[in-house]
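>>> Got a predicted structure here, sequence first:
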Amino acid sequence: MKIIMLGAPGAGKGTQAKLIAEKYRIPHISTGDIFRANIKNGTELGREAKKYMDQGLLVPDELTVKILLDRVSQEDCGNGYVLDGFPRTIPQAQVLEEALNKLGEKIDYAIDVDVPDENIVRRMSGRRACLKCGATYHLEHIPPKKEGVCDVCGSNLVLRDDDQPETVKNRLKVYHEQTQPLIDFYTKKGVLRTVDGTQDMQDVFRMITEILD
Ligand code: ADP
Ligand code: AMP
């Protein structure tokens, strides 16, 4: 099963993608996590991506498409995957579609996690992330067992640089301009499904499993 998660930054794509990956035993692929791992490891790709991420801008399509196509061609993707944060532009969606077409494959579902802008800034300021394993928490809604410490790997949790309120506003603007058109794109392909992302995490997941099962 090949699934795309759509939705504004902070809508809960990553949270749901992790639950989907676990239940359906497919890899969770987050381009944001791949960039953050590269930044942490001081790679050339990380240095280039950081310039854009810190301003709330999208990393250019050439860079992003290449890392994504490399990742989905790996062996563990044979039974499908859940993409979180890709595609974010129409050209990215077109490249993915062409690559899948060549293999006689297609995206099965694009799930739009719908959360209004008013809720997003609050969600992002409470988000705490583990830069080591990619786990995500929320100070109020989904707190870690021990304050400031990742439940999964024990590393320190941080407020991401790009979750500062000013950057979040830019990211929302970029989302509406460049990513939201994908909702129409995947509606036309007949694969779009929308879930109400303002519900609590388990309720959102229940709605998603009803679609996928
Ligand atoms: P995205 O991957 O779309 O940027 P995340 O999955 O990281 O979003 O979620 C953004 C923040 O909101 C995180 O702090 C996360 O713990 C929290 N969150 C996710 N889903 C919900 C939910 N249904 N209700 C409340 N908070 C949530
Ligand atoms: P995320 O973790 O999905 O919120 O992504 C964090 C940041 O990484 C985004 O704000 C972008 O700067 C960059 N990024 C992640 N995925 C993409 C993508 N598909 N296209 C362009 N930039 C991306």
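Done, it's in. Numbers count the residues shown, from 1 in each chain. Ligands and ions are numbered 1, 2, ... in the order given.

>>> My guess is residue 89 contacts residue 59. True?
No - with contact defined as C-beta atoms under 8 Å, residue 89 does not count as touching residue 59 (10.4 Å). Just so you know, the C-beta spots here come from the backbone N, C-alpha and C atoms, and that holds for glycine as well.

>>> beta partners of residue 110?
Each beta-bridge partner of residue 110 is listed here, defined by DSSP bridges: residue 4, residue 192.

>>> That one and residue 190 touch, don't they?
No - look at residue 110 against residue 190 with C-beta under 8 Å: they stay out of range, at 9.9 Å.

>>> give me the element the residue in the chain that ligand 2 sits nearest to is part of.
Of the chain, the residue with the smallest distance to ligand 2, taken as C-beta to the nearest ligand atom, is residue 32 at 2.0 Å. Here residue 32 is covered by helix 31-40, with elements defined by DSSP states H and E.

>>> Could you list the buried residues of that helix?
Of the residues in helix 31-40, those buried by neighbour count under the rule 16 or more other C-beta atoms under 10 Å are 31-39.

>>> Residues touching stretch 122-142, excluding its own?
The contact list for stretch 122-142, computed with C-beta atoms under 8 Å, 6 or more residues apart in numbering, reads 9-12, 14-15, 18, 30, 33, 36, 40, 115, 143-144, 148, 150-153, 155-160, 163, 165, 168, 200-201.

>>> Any part of the lowest-mean-pLDDT helix or strand in the chain near ligand 1?
Within the chain, judged by mean pLDDT, DSSP states H and E, the helix or strand with the poorest mean is helix 117-126; its value is a mean of 90. Yes - interface with ligand 1: helix 117-126 contributes 123, 126 (C-beta under 6 Å from any ligand atom).

>>> And that helix, how far out from the chain middle?
Mean-position distance between helix 117-126 and its chain equals 16 Å (C-alpha atoms, centre = their mean, to the nearest Å).

>>> Would it count as contacting ligand 2?
No - for helix 117-126, no contact with ligand 2 is found by C-beta under 6 Å from any ligand atom; the gap never falls below 9.3 Å.

>>> Quick check: buried residues in that helix?
For helix 117-126, the neighbour count (16+ other C-beta under 10 Å) marks 120, 123-124, 126 as buried.

>>> Quick one: name whatever helix or strand follows it.
Once helix 117-126 ends, the next helix or strand along the chain (criterion: DSSP H and E) is strand 127-130.

>>> does any bit of the following helix or strand past that following strand sit next to ligand 2?
Once strand 127-130 ends, the next helix or strand along the chain (criterion: DSSP H and E) is strand 136-138. No - using C-beta under 6 Å from any ligand atom, we find that strand 136-138 stays clear of ligand 2, coming within 9.2 Å at best.

>>> pLDDT averaged over strand 136-138, what's the number?
Taken as a whole, strand 136-138 has a mean pLDDT of 95.

>>> Give me the distance from it to the chain's centre.
14 Å.

>>> Next, see if that strand gets close to ligand 1.
Yes - using C-beta under 6 Å from any ligand atom, strand 136-138 reaches ligand 1 at 136-138.

>>> Mind putting those into a markdown table with neighbour count?
As requested, those are exported to a markdown table (neighbours: other C-beta atoms under 10 Å):
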| residue | neighbour count |
| --- | --- |
| 136 | 19 |
| 137 | 22 |
| 138 | 19 |
